[in-house]
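*Asks:* I'd like to go over a predicted model; first the sequence, then the structure.
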Amino acid sequence: MRIRIRYFASLREALGPGEELELETSATIGAVRTALVQRGGAYAQVLGPSRAVRCAWNRLVVGEEATVDQDGELAFFPPVTGG
């Protein structure tokens, strides 16, 4: 299954607008975040466990325990964003 990942605000500045990621099975958003952090570098800096990051699955704000189980869009953004 292929998902699209989008980054917003300061995360976008560090990581770019987004990317596509291939997953072999369904996973939680937390597991996807952990996999991205394991890339190291800017990913570890802005998505690391000590960083406050919100997430949305298909434009619905959800917690990291939510399951990514179909093709769709995962977004990461800081807890406060400007308009």
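*Replies:* It's in. In this text, all values refer to a predicted model and were calculated from it rather than measured experimentally.

*Asks:* going forward, measure contacts and count neighbours with C-alpha atoms only.
*Replies:* Will do.

*Asks:* for the biggest helix by length in the chain, buried residues please.
*Replies:* In the chain, ranked by residue count with DSSP state H as the criterion, the top helix is helix 29-37. Neighbour-count burial for helix 29-37, counted by 16 or more other Cα atoms under 10 Å, picks out Ile29, Gly30, Ala31, Val32, Arg33, Thr34, Leu36, Val37.

*Asks:* again with stretch 53-70
*Replies:* By neighbour count, and taking 16+ other Cα under 10 Å as the criterion, the buried residues in stretch 53-70 are Val53, Arg54, Cys55, Ala56, Trp57, Glu64, Ala66, Thr67, Val68.

*Asks:* what pLDDT is listed against Gly83?
*Replies:* At Gly83, the predicted lDDT confidence score is 57.

*Asks:* ok, back up a step: closest one to Leu74 out of the buried residues of stretch 53-70, please.
*Replies:* Sorting the buried residues of stretch 53-70 by distance to Leu74 puts Trp57 at the head of the list, at 4.7 Å, by Cα to Cα.
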